[in-house]
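K.L.:
Just a sequence and a predicted model for now, questions to come.
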Amino acid sequence: MKKLVAYITTGYPDLDFTVDLALSLAESGVDTLELGIPFSDPVADGPVIEKANLYSLQNGFKVNQLFEVSQKIAPNIDTLWMGYFNPFYHKGMDLFINEAKKSGVNGFIIPDLPYEEAQLYKGDIENNGLSLIDFIAPTDTAQRIEMITKEAQKFIYLVAYAGITGSGQSESLESVIAQIRDYSQTPVYVGFGVDEKTAKEKAKGVDGVIVGSAFVKILLDESLSSIQKITKISNLAKEIKEKINE
């Protein structure tokens, strides 16, 4: 059974909604939840997720609220915090590690933290039973793929193309997937540009998919009530989970 990872932006439209949506996704076939930490300059994300980040910050989101909602969410679904390095640096990695353990969160995804710099923190993270997810891009050399993947834990985040999330680009991933398999048995999940139209194709040869912008687009649809948003996102999750396992 191939896995589905879902990204949602914490705190938009509000914190209670984040909890309700997360619990609904847990019942809709989502295997892992990426709780996005709102940030003013999400460099790896496209305009959809960037807008949700901005709105959450305008609503007054604070990092301690991430910790609070996670205590309600993480006991019900495998949860990772996805955020840019700035908050981790300013608040201190030790704080995030301790709060993750307290709430039951299982690790971190930090897309702007290069592999080399991540080694400064990876030991402490893993010694506390948590994972720091590693990224592979189609542009990486075989030597770099071997270096990154040989100690990867939980899953390897395969970026579907060089660019930002949600832009819908496409590149052939067969060769890079084969190279990863040469060096690692860690599951490979593909992200960037995955939605209900592309999920089946993107899932070929990998162990799961990561979906963000497709869900957040619904999150931003002001014509829908909160209940309608949750229903629509949850139904989309079910549809994608079925398609990747056809």
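P.N.:
Okay, I see it.
K.L.:
pLDDT wise, what is residue 169 at?
P.N.:
Predicted confidence (pLDDT) for residue 169: 48.
K.L.:
quick one: least confident helix or strand in the chain?
P.N.:
helix 47-58 (a mean of 90; mean pLDDT, DSSP states H and E).
K.L.:
centre of the chain versus the helix or strand just after that one, how much separation?
P.N.:
Next helix or strand after helix 47-58 toward the C-terminus (DSSP states H and E): helix 63-73. Remark: helix 63-73 is offset 16 Å from the chain centroid, using CA atoms, centre = their mean, to the nearest Å.
K.L.:
what residues does helix 63-73 touch?
P.N.:
10-11, 15, 18-19, 22-23, 33, 35, 37, 79, 81, 87, 91, 99-100, 102-105 (CB atoms under 8 Å, 6 or more residues apart in numbering). All C-beta atoms are positioned from the backbone trio N, CA, C, and that covers glycine.
K.L.:
next SSE after the top strand by length along the chain?
P.N.:
Taking DSSP state E as the criterion, the chain has its longest strand at strand 3-9. Under the assignment DSSP H and E, the closest C-terminal helix or strand after strand 3-9 is helix 15-26.
K.L.:
Any stretches of this structure with poor pLDDT?
P.N.:
42-45, 161-171 (pLDDT under 70).
K.L.:
mind listing what the most centrally placed residue in it touches?
P.N.:
For the chain, the residue sitting closest to the mean C-alpha position, by CA atoms, centre = their mean, is residue 34 at 4.0 Å. Residues in contact with residue 34 (CB under 8 Å, 6+ apart) are 5, 6, 7, 8, 80, 81, 82, 109, 210, 212.
K.L.:
what bridges to the second one?
P.N.:
If I follow you right, that is residue 6. Counting by DSSP bridges, residue 6 forms beta bridges with residue 33, residue 211.
K.L.:
Test my guess that it contacts residue 211.
P.N.:
Yes. The pair residue 6 and residue 211 passes the contact test of CB atoms under 8 Å, sitting 5.7 Å apart.
K.L.:
rewinding a little: which strands and helices lie in contact with the longest strand of the chain?
P.N.:
helix 15-26, strand 32-36, helix 47-58, strand 188-191, strand 208-211, helix 213-219, helix 226-244 (3 or more CB pairs under 8 Å, 6 or more residues apart in numbering; DSSP states H and E).
K.L.:
so which of those comes closest to residue 130?
P.N.:
Ranking the helices and strands packed on strand 3-9 by their distance to residue 130 (criterion: CB to CB) puts strand 32-36 first, at 13.6 Å.
K.L.:
on that earlier part again, the inter-axis angle of the longest strand of the chain versus helix 226-244?
P.N.:
150 degrees (axes from the mean of the first three to the mean of the last three CA atoms, to 10 degrees).
K.L.:
related to what we said a few turns ago, put together a markdown table for the contacts of residue 34, with neighbour count and distance to residue 228 on each row.
P.N.:
Listed next are the contacts of residue 34 as a markdown table, based on neighbours: other CB atoms under 10 Å; distance: CB to CB, whole Å:
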| residue | neighbour count | distance to residue 228 |
| --- | --- | --- |
| 5 | 25 | 24 |
| 6 | 30 | 18 |
| 7 | 24 | 20 |
| 8 | 25 | 16 |
| 80 | 25 | 27 |
| 81 | 28 | 27 |
| 82 | 27 | 25 |
| 109 | 25 | 28 |
| 210 | 26 | 24 |
| 212 | 27 | 20 |
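K.L.:
any chance of these in CSV, plus distance to residue 70?
P.N.:
Listed next are these as CSV, based on distance: CB to CB, whole Å:
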residue, distance to residue 70
5, 16
6, 15
7, 15
8, 12
80, 10
81, 7
82, 12
109, 14
210, 19
212, 18
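K.L.:
Okay then, goodbye and thanks.
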